[in-house]
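Colleague: sequence first, then the predicted structure, then my questions.
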Amino acid sequence: MQILILGGTVFLGRHLVAAAQARGHTVTIFHRGQHPAELPAGVTEILGDRTASLASLADGTWDAVIDTSGYVPRLVRQSAAALADHIGSYTFISTISVFAEGMPPDADEDAPLAPLSDPTVEEVTGATYGALKALCEQAVTQTLPDRALIIRPGLIVGPYDPTDRFTYWPHRIAQGGEVLAPNDPADRAQCIDARDLAEWTLRLVEGQRTGIFNATGPVTPLTFGALLDTCRAVSGSDARFTWVNAAFLAAQGVAPWSDLPLWVPSEMAAFNRVNCARAIAAGLTCRPLAATVSATLAWDRTRPADHAWGAGLSPDRERAVLAAWHAET
């Protein structure tokens, strides 16, 4: 197949490029050049910005486009319309953050979506991100109703993750010693290896599948305790976990998801219990968590020692919170 990827140089995009080539496809990427990357041989690169440069795609034809970089509904709609006569199908990478607050555990693809009080808003913030992505989905399905595939990943993890929202745990636990762990080891966690997501997405594209799929993992339920235990086993460290309850963490100003990645408090627990049965029935598989941890650690060790972390507690902050906890208990 001839595949066009909008994006293609950062995290999921680069894994999609690698997986597509491994499966024998010819790949073109369209991106702004803001994230320089050494592209694999055989990849065609078109530089441009979808706000003004879509005309540069007018001479091409592709069996499928995979949009990894759409965040603003107006621009996604323009992209889908501009490419309509040049592609077979349009795959949009969305997010499970499209769901409205208060969704129940085990929510499937038909759960209510987050509303945007002002649909003209285009600034992407923590407050608008999910609702904007929901409107992007709508833009694609309305423009190409019979050719749209919508993928809603959970937290995407693995090598080249720029957010550090998973990498923090393998890295921190590999350092050993006392590790601040959030709330309860029985709390649930969900994430998906970028390589699994990329390979499965391509299989759907190859099969000309359409529709909407929640896509996170693992296939069997994962607890936070099992996640941290796996990180310890893979790294071979002497890490000791101190489980600190949510109320104390809140009192200390420790933010879920950002200061302690992957973890969310009980009122948001459904976010880590999304129903992915439709994707699993469509062939989604997830490699063992240990393989993801191992690959993430190997990649993390290639980064500079002074890497600025995008998520997680600093060593000093972690020690301070642990000291306060021990002083009270």
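Modeller: Everything's here; your move.
Colleague: burial count for Leu135?
Modeller: As a burial measure, Leu135 scores 22 neighbours (other Cβ atoms under 10 Å). For every residue, glycine as well, the C-beta is placed using N, CA and C.
Colleague: ditto for the one 4 residues further on
Modeller: Ala139 has 23 neighbouring residues, counting by other Cβ under 10 Å.
Colleague: quick check, it in contact with Ala81.
Modeller: No: when contacts are counted by Cβ atoms under 8 Å, Ala139 is not listed as touching Ala81 (9.0 Å).
Colleague: hey, where'd the strands end up in the stretch 201-329 of the chain?
Modeller: 211-215, 222-223, 240-244 (DSSP state E, counting those that start in this stretch).
Colleague: mind giving me the packing neighbours of the helix or strand bottoming out on mean pLDDT in the chain?
Modeller: Ranking every helix and strand in the chain by mean pLDDT, DSSP states H and E puts strand 44-47 at the bottom, with a mean of 92. Applying 3 or more Cβ pairs under 8 Å, 6 or more residues apart in numbering; DSSP states H and E, we find strand 44-47 packed against strand 26-31.
Colleague: roughly how far is the strand it packs on from the heart of the chain?
Modeller: Counting by Cα atoms, centre = their mean, to the nearest Å, strand 26-31 is centred 20 Å from the centre of its parent chain.
Colleague: doesn't Gly88 fall inside a strand?
Modeller: Yes: Gly88: assigned to a strand according to DSSP: H, G, I helix; E, B strand; the rest coil.
Colleague: surely it touches Ile66?
Modeller: No: the criterion here is Cβ under 8 Å, and Gly88 misses it with Ile66 at 11.8 Å.
Colleague: looking at the two, which has the bigger crowd around it?
Modeller: Per other Cβ under 10 Å, whichever of Gly88 and Ile66 has more neighbours is Ile66, with 30 against 16.
Colleague: setting aside sequence neighbours, what's the nearest residue to the more buried one?
Modeller: Ranked by Cβ to Cβ, 6 or more residues apart in numbering and with sequence neighbours excluded, the top spatial neighbour of Ile66 is Thr91, at 4.5 Å.
Colleague: okay, and the beta partners of that neighbour?
Modeller: Beta-bridge partners for Thr91, by DSSP bridges, are Ile66, Leu149.
Colleague: now do the domain split for the chain, please.
Modeller: 2-153, 168-190+220-272+288-328 (automatic domain parsing).
Colleague: and the first one, how far apart are its ends?
Modeller: Between the start and the finish of domain 2-153 there is a gap of 24 Å, counting by Cα to Cα, to the nearest Å.
Colleague: what of the last one?
Modeller: Domain 168-190+220-272+288-328 has an end-to-end distance of 26 Å (criterion: Cα to Cα).
Colleague: again with stretch 83-90
Modeller: Using Cα to Cα, first and last residues of stretch 83-90 are 9 Å apart.
Colleague: buried residues in that stretch?
Modeller: Under the neighbour-count criterion of 16 or more other Cβ atoms under 10 Å, stretch 83-90 has 83, 87-90 buried.
Colleague: can you check stretch 223-234 too?
Modeller: By 16+ other Cβ under 10 Å, the buried positions in stretch 223-234 come out as 224-232, 234.
Colleague: with stretch 147-165 instead?
Modeller: Buried residues in stretch 147-165, counted by 16+ other Cβ under 10 Å: 147-161, 163-165.
Colleague: all helices for the stretch 201-329 of the chain, in order.
Modeller: For the stretch 201-329 of the chain, helices defined by DSSP state H, counting those that start in this stretch occupy the ranges 224-235, 246-251, 277-281, 289-300, 315-328.
Colleague: format the ones you listed as a markdown table; extra columns: mean pLDDT and distance to Thr120.
Modeller: Shown next, in a markdown table, are those (pLDDT from 0 to 100; distance: least, Cβ to Cβ, whole Å):
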| stretch | mean pLDDT | distance to Thr120 |
| --- | --- | --- |
| helix 224-235 | 98 | 40 |
| helix 246-251 | 97 | 35 |
| helix 277-281 | 97 | 32 |
| helix 289-300 | 98 | 39 |
| helix 315-328 | 97 | 39 |
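Colleague: of those helices, which is nearest Thr95?
Modeller: With Cβ to Cβ as the measure, helix 277-281 is the member of those nearest Thr95 (13.8 Å).
Colleague: what is the end-to-end distance of stretch 31-47?
Modeller: 5 Å.
Colleague: now it, how far from the centre of its chain.
Modeller: With Cα atoms, centre = their mean, you get 21 Å for stretch 31-47.
Colleague: list the buried ones in that stretch?
Modeller: By 16+ other Cβ under 10 Å, the buried positions in stretch 31-47 come out as 31, 37, 43.
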